[in-house]
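Q: Sharing a model prediction with you, sequence too.
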Amino acid sequence: MSKVNPFEMAQHQLMDCAKILKLDQGVVDILMQPQRQIQVSIPVKMDDGTTRVFQGFRVQYNNALGLYKGGIRYHPEETIDTVRALSAWMTWKCAVLNLPLGGGKGGIICNPKEMSKGELERMSRGYIRAIWKNIGPDTDVPAPDVYTDGQIMAWMMDEYSTIQGKNQFGLLTGKPLVIGGSLGRGDSTAKGGLFTLREAAKELNIDLKTAKVAILGYGNAGAFASTLVQEMFGSKVVAVTDSKGGIYDENGLDIAAVAAHKAQTKSVVGYKGLKTLTNDEVMALPVDVIVAAAPDEGAINEKVAPTVKAKVICELANGPTTPEGDAILYKNGVHVIPDFLCNAGGVTVSYYEMVQNMYMHYWTLDDVYAKLDAAMTKSYHEVLKASKEYKINMRQAAYVVAVSRVVEGMKVRGWV
Ligand SMILES: NC(=O)C1=CN([C@@H]2O[C@H](COP(=O)(O)OP(=O)(O)OC[C@H]3O[C@@H](n4cnc5c(N)ncnc54)[C@H](O)[C@@H]3O)[C@@H](O)[C@H]2O)C=CC1
Ligand SMILES: O=C(O)CCC(=O)C(=O)O
């Protein structure tokens, strides 16, 4: 995961925005730190009879615009700084989409790939027992993120409901459909990002039908993106990577066959005997679009950025580009659709799930996609407009739009 400190990166980006907006010091001081950080120890009975204690976090960054919202990650290299950074980015993400929500994030340091289903269930329930007083349908609503899924959400919701003595479906989003999940949440991050790519392509006169696309990080977001980019635009996916490496075929990959290979061997590497490439080599390929979907914060740095030949980078991952990388990409005319705008489709459909849970009335898939398309398109153009008005890059522009809204919320509430 991170070779950089993601929270320092997030603070650097925020300071950049504070200068553009000429924010007062008191406002900056509030925005630079989370409102609350919770760290808990979770003892778990392992299958072999031993007890292991896992460290878990929940960081509640800012709730000026609404309750804290954001995913929970299970990762061996999770740190409080990763979770802090991600909770800040959640705040800007909800604000840039104009959702009535604030930002939060959670994580547990663990390797879910080495745990049995029973161990995962006991750890997930233990996490909820440790933090239940600080979360809830009106205060902080978690969701799935890296290496967590609907099943884990279901266990967590069930544990919380048991503690409360009543069903609490609204505790979190990304739930299985049968217990109040929303249609369309599964591929919403990728789909939302591709709606912004469509708008960027119009702006830059890129014909997506003939575009070559490289996808970094063939996980939830990346795998959906590789199928959808073909279905929605007819683009050709020529490269994909995962944590073990990448593969490239200039004539296009058969994505269904790559998915089958990954399901069988646990990696895209080795598919049809193609040479294994590193992520950095894939970044430098002659493609039109890069979809950055690997949970590898700061991977697009000052060394990698100058090698990028793509015209557009869609940041489905959180924090893939360092400030130094950003400056180089901007100078070289690479259009970056920044993370908290590009990947906001996930939390937007999570918000739709909350609305549906409250009304106990469920929408069709077409309704969800139509609303998501309208929301992502509107936000993309608001950010593009700010980028032109202020003559700043798309990330700075996304910050300007998002932070202005959060600051307005803080002001009317009398915080500053
Ligand atoms: N799933 C969601 O709804 C959302 C996810 N995101 C972000 O998207 C990114 C990916 O998340 P998911 O797809 O949910 O995770 P995931 O856990 O489903 O997939 C991650 C994939 O990336 C690969 N990977 C890990 N390290 C890598 C590396 N260094 N280089 C290349 N590939 C690597 C893994 O092998 C795996 O295939 C994360 O940054 C996450 O925070 C952002 C918004 C919402
Ligand atoms: O769906 C959500 O609430 C949050 C998803 C998430 O963690 C993210 O967008 O990074």
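A: Everything's here; your move. Ligands and ions are numbered 1, 2, ... in the order given.

Q: contacting residues around stretch 257-277?
A: Residues outside stretch 257-277 that contact it (CB atoms under 8 Å, 6 or more residues apart in numbering): 218, 223, 226-227, 239-249, 253. Every C-beta, even on glycine, is put in place using the N, C-alpha and C of the backbone.

Q: which of the residues in it are buried?
A: Val258, Ala259, His261, Lys262, Ser267, Val268, Val269, Tyr271, Leu274, Thr276, Leu277 (16 or more other CB atoms under 10 Å).

Q: So which of these reach ligand 2?
A: The subset of the buried residues of stretch 257-277 lying close to ligand 2, counting by CB under 6 Å from any ligand atom, is empty.

Q: Show me these that map onto helices.
A: Using DSSP state H to define helices, the subset of those located there is Val258, Ala259, His261, Lys262.

Q: Can you pick out the most distant pair from those?
A: Taking CB to CB as the measure, those span a maximum distance of 7.3 Å, between Ala259 and His261.

Q: and which of the ones in helices among the buried residues of stretch 257-277 is nearest Ile30?
A: For these, the nearest to Ile30 is Lys262 (43.8 Å; CB to CB).

Q: Assign a three-state SS to whatever residue of the chain ends up closest to ligand 2, would you?
A: Per CB to the nearest ligand atom, the residue of the chain with the smallest distance to ligand 2 is Gly71, at 2.6 Å. Here Gly71 takes the strand state, with states given by DSSP: H, G, I helix; E, B strand; the rest coil.

Q: show me the contacts for it.
A: Leu86, Met90, Lys105, Gly106, Pro142, Ala143, Pro144, Asp145, Val146, Thr148, Gly174, Gly346.

Q: can you do 7 Å?
A: Lys105, Pro142, Ala143, Pro144, Asp145, Thr148 (CB atoms under 7 Å, 6 or more residues apart in numbering).

Q: likewise Asn220?
A: Taking CB under 7 Å, 6+ apart as the test, Asn220 contacts no residue whatsoever.

Q: Any figure for the gap between Asp47 and Met115?
A: Asp47 is 9 Å from Met115, where distance means CB to CB, to the nearest Å.

Q: Tell me which residues are up against the helix or strand harbouring Met153.
A: Using DSSP states H and E, Met153 maps to helix 150-164. Applying CB under 7 Å, 6+ apart, the contact partners of helix 150-164 are 120-121, 124-125, 128-129, 132, 144, 167-169, 171-172, 174-176, 179, 181.

Q: among those residues, which ones are buried?
A: 120-121, 124-125, 128, 132, 144, 168-169, 171-172, 174-175, 181.

Q: could these go into CSV alongside secondary structure and distance to Met358?
A: Shown next, in CSV, are the buried ones among the contacts of helix 150-164 (DSSP: H, G, I helix; E, B strand; the rest coil; distance: CB to CB, whole Å):
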residue, secondary structure, distance to Met358
Leu120, helix, 29
Glu121, helix, 28
Ser124, helix, 24
Arg125, helix, 25
Ile128, helix, 21
Trp132, helix, 21
Pro144, strand, 20
Gln168, coil, 12
Phe169, helix, 10
Leu171, helix, 13
Leu172, coil, 14
Gly174, coil, 16
Lys175, coil, 14
Gly181, coil, 14
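
Q: and which of those is nearest Val289?
A: Pro144 (25.8 Å).

Q: what residue ranges in this structure score low on pLDDT?
A: Scanning the chain for pLDDT under 70 picks out 1-3.

Q: Nearest to ligand 1: which residue in it?
A: For the chain, CB to the nearest ligand atom, closest residue to ligand 1: Gly219, 1.5 Å.

Q: burial count for that residue?
A: As a burial measure, Gly219 scores 17 neighbours (other CB atoms under 10 Å).

Q: Kindly report the same for Lys209.
A: Should you count by other CB under 10 Å, Lys209 turns out to have 10 residues around it.

Q: Please go through the contacts of helix 150-164 and note which also touch ligand 2.
A: Applying CB under 6 Å from any ligand atom to the contacts of helix 150-164, those adjacent to ligand 2 are Gly174.

Q: Could you list the residues in contact with the strand ranked longest in the chain?
A: Scanning the chain for the longest strand, with DSSP state E as the assignment, gives strand 51-62. Residues outside strand 51-62 that contact it (CB under 7 Å, 6+ apart): 34-46, 68, 80, 83-84, 87-88, 90-91, 102-110, 123, 127, 130-131, 134-135, 140, 406.

Q: could you say what helices and strands the host helix or strand of Gly246 packs with?
A: Using DSSP H and E, Gly246 falls within strand 245-248. When contacts are defined as 3 or more CB pairs under 7 Å, 6 or more residues apart in numbering; DSSP states H and E, strand 245-248 sits against strand 236-242, helix 279-283.

Q: so where do the helices sit in this structure?
A: 6-21, 25-31, 80-96, 117-131, 150-164, 188-204, 220-233, 255-265, 279-283, 323-331, 339-342, 345-359, 365-390, 394-412.

Q: Deepest in the core, which of these is it.
A: Highest mean neighbour count among the helices of the chain (mean count of other CB atoms under 10 Å): helix 339-342, with a mean of 29.

Q: Tell me if that one is near ligand 2.
A: No - figure legend: helix 339-342 not in contact with ligand 2 (CB under 6 Å from any ligand atom); closest approach 7.9 Å.

Q: circling back: adjacent strands (with direction) for the longest strand of the chain?
A: strand 36-45 (antiparallel), strand 103-109 (antiparallel) (DSSP bridges).

Q: Tell me if that strand is near ligand 2.
A: No - Strand 51-62 lies out of reach of ligand 2 by CB under 6 Å from any ligand atom, never closer than 11.9 Å.

Q: Return that strand as PDB; C-alpha atoms alone will do.
A: Provided in PDB are the C-alpha atoms of strand 51-62 (Å, rounded to 0.1, in the frame of the first residue of the first chain):
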ATOM      1  CA  THR A  51      -6.800 -15.400  20.700                       C
ATOM      2  CA  ARG A  52      -5.500 -12.600  18.500                       C
ATOM      3  CA  VAL A  53      -6.000  -8.900  19.100                       C
ATOM      4  CA  PHE A  54      -6.600  -6.800  16.000                       C
ATOM      5  CA  GLN A  55      -6.300  -3.000  15.900                       C
ATOM      6  CA  GLY A  56      -9.300  -1.100  14.500                       C
ATOM      7  CA  PHE A  57      -9.900   2.500  13.700                       C
ATOM      8  CA  ARG A  58     -12.900   4.800  12.900                       C
ATOM      9  CA  VAL A  59     -12.000   8.400  12.000                       C
ATOM     10  CA  GLN A  60     -14.900  10.900  11.900                       C
ATOM     11  CA  TYR A  61     -13.500  13.800   9.900                       C
ATOM     12  CA  ASN A  62     -16.100  16.500   9.500                       C
END
